[in-house]
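[1] after the sequence you'll find the predicted model.
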Amino acid sequence: MCLESSKMHSTTSQKQNQSKEVKALLAFKHNSVEADHKGFLDRWSPASFSPCSWLGISCSASGQVNALNFTNAGLIGHLLTDDLLDLENLQHLHLSGNSFSGNLFIDKTSRPCTIETLDLSFNNLSESISKTFFDSCDHLTSLNLSHNSIRGGSFDFGDIPALFFANLPRSLEFLDISYNKLSGNFSILEFGNCAKLLVLNLSNNALYGSGISQSLTNCKLLENLDFSHNQLRDKTPTVFGNLRNLKHLNLAQNNFSGNIPRELGWACGTLVELDLSGNKLSGGFPETFKSCSSLKSLNLGDNQLYGNFLTTVISTLHNLQILQVPLNNISGSIPLSLGKCTQLQVLNLRSNAFTGNIPLGFCSSSTPFSSLQKLLLAGNLLSGIVPSNIGNCKNLRTIDFSLNNLSGSIPPNVWMLPHLSDLILWGNSIGGILEDMCFSGSNLETLLLSNNLFTGEIPSSLSNCKNLTWLSLSFNQLSGEILADIGTLQKLSILQLNHNSLTGRIPPSFGNCQSLLWLDLSNNQFTGNIPSDLANKKSLVLMNNYDGKFAYLRSKGERDCNVVNRLLYLEGIRPERLDSFLNYKSCSSVIHHFGLNMITSNGSMIYLDLSSNLLSGPIPDNLGLMSYLIILNLGYNRLTGAIPETLGSLKRLEILDLSHNQLEGTIPGSLGFLSFLSDMDLSNNNLSGPIPIIGQIATFPASAFENNSGLCDYPLPPCVSLSNPNPSGFEQSQTENPSILKVNGNWVVALMGYIGGVIVGACAGIILFEEKKQWFMKTFSIILNRRPKQVKYSRQTCHHRR
């Protein structure tokens, strides 16, 4: 009987506890969740006996809730944690990837917090962290608050308190508050209760100051420390050298200056990864780092380092796998001794001052580099040839020798590298005839050979490059016709063949390239009509591989400017090195668009430049179907017929150049409704009639319409009709006062059109900015993080909308 009574009591107690948990979870849903668009919590019902079957709920063997996992559930609301504390056995709470606002506040009257793991990353938390939370949750071992907008510490405003970290639970092992808005003087922060802390990530905040408190050495077990992307300054603190269990140290993108302290090398016993990039460090790399036998990744890029430390120190780190020292001031020859780093997978020496030849011993039997996957030497002063031994590094995936002074030809065995995906050699003096470029099954994705001396025809073997996404052969001396087989390259997104001597017709098969978004065939000798097939609908490919590595340079209306319109791959290239290479002397102004990023979407081409050829015939009407087009340049050809009214459907068009052709008829009024049109040139044609003063058309100067003998009205001289031969645009009023002059009606319309265009453009901009933010990404998904570049002649701003 006693046993039976005990069972009944246990069952009753379990039912009561489960009923209590149901109430607590429903209270959380009612008080904290304002929207559940994915229906994640739809099965949560007060009629349920137990919550253990609910989505996102985990229970112990005894049927008590011990974990909640709402990761990426799409919940929206204001977080109130008190309701969840009624779950007496809750240990793990995962709310990452939602849209909760609020903060971590716990009422002191609430029961103790049993949570051990809490993940609130990728939410909308913006308020400060309550001290009561840490006081209550004293069993916390892991706290992830990254990717929010949390400010300060335990106050509602101001800097993070000096004792913020000293008040953390002693049990804490993992703390990530990266990508927030924490500010404060880092040097006064005290680290007290961190004896068990293994991971501390404060990156991407607004912490400032010089020096770090010696109390950080209380965190004796620290293995992963990330203070990158803050505003820390002056000398690199030596305190890190006393953390003898440190494996990963990231101090990148701060304002540290001076020499790298030799004391930092004292942490070498366990150090696996060290990132000091993006600072203002000078001098060399201390010899104390020779003891870093475990170091696998070293990033010293974007500093002011110099000297021979690659030979004296780096070459002794035999387990090194990733070496990045771009954008420094290292000079002399590339040391062959780097071959002693037999595990090296990435060698990045971009944008230094290396001279001489690429060592012939690279990838030889004595220096095999058998693990090398990326060899990046762009933006130096290297000369000589591309060594044939490079073809012996069979694991190479990326070769970037761009912007050097290399000559000779591409060794045939380079094309045969089985894993090669990126061959980037633009901006050299490499020449010869392109023959067997791709073998069947080639993995080549990026082939950039522009601004070299290649001759002959485009080889038929190019059709084997089925994975090509970017092909640039521009600014060479290629001749002959384009192969129609290029139309079989379904992944091709960017095709640049401009500034060669190519002839024949533009293959209609280009319309079969379903991923093509950028086509530049300008400055060749193409003849025939513009293929209407180019307007075939495309499905753009994902191009995140090039995220932030593009730059588009445009010279407004200057045919003699050698910059013209160029899309360049500029990862790791100094702006001043690019300026020197392009030589802007013939340009009055150049606009730089940096940080181009292309993301998948369904739509049409976004860039089409067929200018400066010998094309004839009419402009195809169906080009108006290319609804994602931003730039359309058909200037300097022999096109005839009328400007299609359908071009007014290109609602995203920003640049339109139809100049220097033989176009006839009137200017379609539909062009006035292109709200984003910022640059238009219709000059040097045979157009006639009054210029339609509608929307954006009214904003362009006379130079956009000049040398069309039949065009008239604003901004050109007014039209002269038989009924009103007075060319002045004024006529005497027939009112009682004969001295009053009446302005020609077309000029009144011009003024009204100009004002209307400004209003329409402004309204459209407001609507797009406020209601459809980042419409580029949501439509054809192109983001231009512009940095208007001053090129000593003028300063230009970009008309692209964000």
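    On my side now, so go ahead.
[2] ok, which stretches of the stretch 51-200 of the chain are helices?
    Ranges of helices within the stretch 51-200 of the chain are 131-136, based on DSSP state H, counting those that start in this stretch.
[3] so for stretch 675-684, mean pLDDT?
    For stretch 675-684, mean pLDDT rounds to 94.
[4] what distance separates the start and the end of that stretch?
    One end of stretch 675-684 sits 24 Å from the other (CA to CA, to the nearest Å).
[5] what's the answer for stretch 685-699, then?
    Stretch 685-699 end-to-end distance (CA to CA) = 20 Å.
[6] buried residues in it?
    Neighbour counts using 16 or more other CB atoms under 10 Å place 685, 687, 690-699 of stretch 685-699 among the buried residues. Heads up, the C-betas are built off the backbone N, CA and C, glycines and all.
[7] of these, which belong to helices?
    For these, not one is inside helices, with DSSP state H as the criterion.
[8] Serialize those residues to CSV and add fields for distance to residue 274.
    Shown next, in CSV, are the buried residues of stretch 685-699 (distance: CB to CB, whole Å):
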residue, distance to residue 274
685, 62
687, 64
690, 69
691, 64
692, 64
693, 64
694, 61
695, 57
696, 53
697, 58
698, 59
699, 54
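[9] which among these gets closest to residue 397?
    residue 696 (46.0 Å; CB to CB).
[10] wait, the closest one touches residue 679, no?
    No. Residue 696 is beyond contact range of residue 679, at 10.2 Å (criterion: CB atoms under 8 Å).
[11] before we move on, which element is residue 22 in?
    Assigned by DSSP states H and E, residue 22 belongs to helix 2-32.
[12] C-terminal to that helix, what's the next element?
    Using DSSP H and E, the next helix or strand after helix 2-32 towards the C-terminus is strand 35-36.
[13] who are the packing partners of that next one?
    Counting contacts by 3 or more CB pairs under 8 Å, 6 or more residues apart in numbering; DSSP states H and E, strand 35-36 packs against strand 75-79.
[14] list the strands paired with the strand it packs on, with their directions.
    Strand 75-79 pairs in its sheet with strand 35-36 (antiparallel), strand 99-102 (parallel), by DSSP bridges.
[15] let's have those strands in JSON lines, adding mean pLDDT, mean neighbour count and distance to residue 194.
    Formatted as JSON lines, the strands paired with strand 75-79 follow (pLDDT from 0 to 100; neighbours: other CB atoms under 10 Å; distance: least, CB to CB, whole Å):
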{"stretch": "strand 35-36", "mean pLDDT": "96", "mean neighbour count": "14", "distance to residue 194": "38"}
{"stretch": "strand 99-102", "mean pLDDT": "92", "mean neighbour count": "18", "distance to residue 194": "27"}
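[16] redo the ones you listed as TSV? Include distance to residue 368.
    Shown next, in TSV, are the strands paired with strand 75-79 (distance: least, CB to CB, whole Å):
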stretch	distance to residue 368
strand 35-36	58
strand 99-102	52
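[17] closest one to residue 511 among those strands?
    Proximity to residue 511 (CB to CB) singles out strand 99-102 among the strands paired with strand 75-79, at 42.3 Å.
[18] got any ranges where the chain has weak pLDDT?
    Scanning the chain with the threshold set as pLDDT under 70 gives 1-18, 107-111, 152-158, 537-548, 555-564, 584-586, 588-602, 721-802.
[19] so where do the helices sit in it?
    Applying DSSP H to the chain gives helices spanning 2-32, 131-136, 309-312, 412-415, 575-582, 745-771, 775-778.
[20] my guess is residue 582 meets residue 570, correct?
    No. Residue 582 is beyond contact range of residue 570, at 11.4 Å (criterion: CB under 8 Å).
[21] which one of the two has more residues nearby?
    Higher neighbour count among residue 582 and residue 570: residue 570, with 23 against 20, using other CB atoms under 10 Å.
[22] next up, the contacts around the more buried one.
    Going by CB atoms under 8 Å, 6 or more residues apart in numbering, residue 570 touches 549-551, 578, 594.
[23] got it, and residue 708?
    Neighbour list for residue 708: 682-688 [criterion: CB under 8 Å, 6+ apart].
[24] residue 246 and residue 303, how far apart?
    Residue 246 sits 21 Å away from residue 303, going by CB to CB, to the nearest Å.
[25] apologies, that question was intended for residue 654.
    38 Å.
[26] could you do residue 647 as well?
    From residue 647 across to residue 303, the span is 50 Å (CB to CB).
[27] quick one: the strands in the stretch 551-700 of the chain?
    Ranges of strands within the stretch 551-700 of the chain are 565-569, 591-598, 601-603, 607-609, 614-617, 631-633, 638-642, 655-657, 662-665, 679-681, 686-690, based on DSSP state E, counting those that start in this stretch.
[28] great, nothing more from me.
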